[in-house]
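Novice: Next comes the sequence, and after it the predicted model I'd like to discuss.
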Amino acid sequence: MVIVALAGAASGFGLTMLRTFLHLNSKSTTPHEFVLLSRSDKPELAALGVEVRTVDYTNHAQLVTALKDIHTLLSVIGGSAQALKDAQLALVAVAKEAGVKRFAPSEYAGSSNETIALYHPKAEVWTAAKAVAQETGMEVTSFQCGIFMSTFATGTTKRVTEVGKREGAKNGEEEALAGLRPWNFVVNMRAGTADLPGDGTAPIVWTEMRDIATFVYRALSLDHWPEVLGMRGDVKSYRDMLSIIERVQGRRFLVKENSLDVMRSQAAGDPEKVFYNQVRIALVEGWGIVPATPNTAFPDVKPVSCEEFVEQWWRGVEVAEASWGEDKSFMYTG
Ligand SMILES: NC(=O)c1ccc[n+]([C@@H]2O[C@H](COP(=O)([O-])OP(=O)(O)OC[C@H]3O[C@@H](n4cnc5c(N)ncnc54)[C@H](OP(=O)(O)O)[C@@H]3O)[C@@H](O)[C@H]2O)c1
């Protein structure tokens, strides 16, 4: 059995991935062995049966020891652009020395990183990983999933389900967010507003985070990793999403369209909205469409559709009449 290490899976998306992996392992006749690489010992995660290896990303020799028996290295590091760059470049350098056979950097978004400044470190890490791949034969893949479907969860008052209870979620919103911080990205589900990229008709891949984890889990058993492992939960434009949401919530949304010029000038004028606008521009230009590799390879995995997600988390939730109020188009709410 090969050993799979997850770097940065103690919070956010990575924690949902780790929890999903352990759940799938518990039902599998051929479970994988998982190791967590973290900057601190995580007794609560060790208690789940994961070996935790404490690492210092600036200590090369220590990292080599931590990775010495690792076959597959999955990075789900987040936090900041600096973390995405420094910690991951350290991992790439060590992967080469430790003889890691497979590496998937912390990608988990759209089809490229070039036009989004926050993701430039991802592009740099990719180039470094490809260089190691060429030198050593290590396989490197970019897991791409479009946008997390959980962006439509912020503000739900639904109760936690069995899935959330299993994962220790305090309420339905926490379960639905699955590690994503509460935020209003383009659509504000409570206020009833949509600050669209362009006219909102660009198709976008949306994938629920446990489905992403399930596809990655299954991909661990593939004989060969292609350079891009794109996966799709569902494909819908923001306009398609609004039709679903309006029907489920039983109200009309207030909608703003934003031309490329408007989004470019917003990105230039407000440092807090650079990422938001660069992503919205990329969406208009097709960034939201990624391949459906594991969907084809594992047709028995049935990912949650956008309609199912909205039905589950918004059917019956009381909402007021739509109102712009203060600008909350891109704001963490917690
Ligand atoms: N497609 C989408 O819609 C979408 C949305 C959100 C995020 N994402 C992507 O998902 C990935 C994970 O993001 P996230 O928000 O879930 O991450 P996160 O919770 O902010 O961080 C994940 C882990 O990164 C590690 N980390 C943080 N700062 C670090 C540092 N300075 N040095 C080394 N490690 C550090 C921490 O692990 P330890 O403390 O255990 O070391 C932390 O648990 C990223 O690639 C992100 O771009 C995609």
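Specialist: Now that the structure is in, tell me what you want to look at.
Novice: Got the domain ranges for this structure?
Specialist: For the chain, the structural domains run 3-140, 147-207+233-314, going by automatic domain parsing.
Novice: now the ones you listed as TSV including mean pLDDT?
Specialist: Shown next, in TSV, are these (pLDDT from 0 to 100):
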stretch	mean pLDDT
domain 3-140	97
domain 147-207+233-314	96
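Novice: Can you tell me which of the ones you listed is nearest to the ligand?
Specialist: domain 3-140 (2.0 Å; Cβ to the nearest ligand atom). C-beta coordinates here come from the backbone N, C-alpha and C atoms, glycine included.
Novice: do that closest one and the ligand meet at all?
Specialist: Yes - counting by Cβ under 6 Å from any ligand atom, contacts between domain 3-140 and the ligand involve 8, 10-14, 38-39, 57, 76-79, 83, 87, 106, 108-109.
Novice: all helices of the stretch 101-250 of the chain, in order?
Specialist: Ranges of helices in the stretch 101-250 of the chain, per DSSP state H, counting those that start in this stretch, are 120-136, 162-167, 172-177, 209-219, 238-249.
Novice: could you dump those to TSV with mean neighbour count?
Specialist: Putting the helices of the stretch 101-250 of the chain into TSV (neighbours: other Cβ atoms under 10 Å) gives the following:
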stretch	mean neighbour count
helix 120-136	17
helix 162-167	14
helix 172-177	23
helix 209-219	23
helix 238-249	18
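Novice: who wins for proximity to T296 among those helices?
Specialist: Proximity to T296 (Cβ to Cβ) singles out helix 209-219 among these, at 11.0 Å.
Novice: so how far is the closest one off the chain centroid?
Specialist: 11 Å (Cα atoms, centre = their mean, to the nearest Å).
Novice: Going by contacts, tell me the helices and strands next to it.
Specialist: helix 12-26, strand 142-144, helix 293-297 (3 or more Cβ pairs under 8 Å, 6 or more residues apart in numbering; DSSP states H and E).
Novice: Deepest-packed of these, please.
Specialist: Counting by mean count of other Cβ atoms under 10 Å, strand 142-144 has the highest mean neighbour count of the helices and strands packed on helix 209-219, with a mean of 24.
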